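*Asks:* Any chance you could fold what I've pasted below:
(one chain, ligands or ions: 2)
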Amino acid sequence: MSSLPNIATVIGSGTMGPGIAATLARAGATVRLYDISDEAIARAEAAYGVVTGVLEAVGSPMVPGGSVSFGTDLDEALAGTGLIIEAVPEKLELKQKVFADIEARVGDDVIIATNTSGIPITTMAESMTLPGRLIGMHWSNPPHLIPMIEIIPGKATDLALVDKLAEIVKSFNYVPVIEKEIPGFVENRVLYAILRECMALLEEGIVTPEGLDACVKWGIGYKLSVVGPTRLLDMAGLDIYQAVSGYLNKELDVSTDTPQFIKDKIAAGQLGFKTGGGMYEYGEGDVDAKRKEIITGLIAARKTLSSIPNV
Ligand SMILES: NC(=O)c1ccc[n+]([C@@H]2O[C@H](COP(=O)([O-])OP(=O)(O)OC[C@H]3O[C@@H](n4cnc5c(N)ncnc54)[C@H](O)[C@@H]3O)[C@@H](O)[C@H]2O)c1
Ligand SMILES: Cc1ncc(C=O)c(C(=O)O)c1O
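*Replies:* Ligands and ions are numbered 1, 2, ... in the order given. Now for the predicted structure:
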């Protein structure tokens, strides 16, 4: 019998919610996707066919009986649910308000998982009636394509939930990575270390955005998609790592704030795909075309990576 609850609820239907909902439905769950915004729900409904097409394309096994329903009624979304995944914007107070609204409506045994990118679970759980039921379940974007989920218990989390959630994650053929709590968790600590250096290199004019993307894609992304950073050190030689890190680590960017040129772009309304401009400019139809290229590339890469051994 699958460990995935029969009914699951996803709270927040923005970038992450719809892909999470579709993945759980594909694994056989009756999923309720909830948002406060009618537009967000309408967008998710309109895009649902594309998302399920992607799951089909990567050969994600389909357990019959799964479905997604879309709505803005929280009581309906939570009725009979066994697993709630919160995916609302990354704001502590908002998430805590959502947990309070949920706790007022569900039984004590319902698991509440949060897709926070890195706010400590312990902090988020402080306002909860039953803090032991909150656990970090960090999906990577796009969630219906990246088959790995970080699982992070907070200080108050009931430890039985860790194994339970890991079994749920395995039930839809994703890899659970269980971690100790630390701000940003593991994936975003590594990603943001890379992004900090990348943004500093751009700000200093050391390389163009196109050059940076090519260098990181081939020099780092391609290799790390096959070997992982730990094995990479064996491949390079620990002596080489010592020699290079000895002079290079002290040169790397250590700034603690978001770079000014990114703040300026945000102030000018340049947020990326969602506003039609960000690090690059996009003309009519360019965003849709880029999204398609990215999804096509991720499907092809996932098929290839799934067919070779873990190194
Ligand atoms: N975008 C990413 O790449 C990514 C990856 C992994 C994790 N995350 C994390 O997942 C969470 C969601 O991120 P996102 O990118 O999908 O955000 P988003 O801004 O794209 O979507 C959030 C959705 O939540 C809805 N919402 C706001 N308040 C709500 C409420 N009270 N109840 C229900 N819905 C509400 C909004 O209407 C919106 O549709 C964040 O914590 C984020 O850090 C994001
Ligand atoms: C820039 C960025 N920030 C956060 C996350 C996830 O929490 C992602 C991602 O999953 O890709 C990201 O790209």
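*Asks:* Which parts of the stretch 1-150 of the chain are helices?
*Replies:* Assignment of helices within the stretch 1-150 of the chain using DSSP state H, counting those that start in this stretch yields the ranges 17-26, 38-57, 74-78, 92-103, 121-125.
*Asks:* a markdown table for these, including mean pLDDT and mean neighbour count?
*Replies:* Glycine gets a C-beta too; all of them are placed from N, C-alpha and C. Formatted as a markdown table, the helices of the stretch 1-150 of the chain follow (pLDDT from 0 to 100; neighbours: other C-beta atoms under 10 Å):
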| stretch | mean pLDDT | mean neighbour count |
| --- | --- | --- |
| helix 17-26 | 98 | 27 |
| helix 38-57 | 96 | 15 |
| helix 74-78 | 98 | 17 |
| helix 92-103 | 98 | 16 |
| helix 121-125 | 98 | 20 |
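*Asks:* Those: which one's closest to residue 259?
*Replies:* Residue 259 lies closest to helix 92-103 among those, at 23.3 Å (C-beta to C-beta).
*Asks:* close to ligand 2, is that closest one?
*Replies:* No: between helix 92-103 and ligand 2, judged by C-beta under 6 Å from any ligand atom, nothing touches; the nearest distance is 13.8 Å.
*Asks:* which strands and helices sit next to that helix?
*Replies:* The helices and strands touching helix 92-103, judged by 3 or more C-beta pairs under 8 Å, 6 or more residues apart in numbering; DSSP states H and E, are helix 74-78, strand 83-86, strand 111-114, helix 121-125.
*Asks:* show me the contacts for the residue nearest to residue 127 when sequence neighbours are not counted.
*Replies:* The shortest distance from residue 127 to any non-neighbouring residue, by C-beta to C-beta, 6 or more residues apart in numbering, is to residue 96 (4.4 Å). Contact analysis of residue 96 by C-beta atoms under 8 Å, 6 or more residues apart in numbering lists 124, 126-128.
*Asks:* change it to 10 Å
*Replies:* Shown in contact with residue 96 (C-beta atoms under 10 Å, 6 or more residues apart in numbering): 119, 123-128.
*Asks:* Over to residue 83?
*Replies:* Going by C-beta under 10 Å, 6+ apart, residue 83 touches 3-10, 24, 29, 31, 110-113, 137, 164-165, 168.
*Asks:* what's near enough to touch the one residue in the chain that gets nearest to ligand 2?
*Replies:* Minimum separation of the chain from ligand 2 (C-beta to the nearest ligand atom) falls at residue 117, amounting to 3.2 Å. Neighbouring residues of residue 117 by C-beta under 10 Å, 6+ apart: 16, 90, 136, 138-141, 184-185, 187-188, 191-192.
*Asks:* can we see that at 8 Å?
*Replies:* 90, 138, 184-185, 188.
*Asks:* Tell me how many other residues surround residue 113.
*Replies:* Close neighbours of residue 113, defined as other C-beta atoms under 10 Å, add up to 27.
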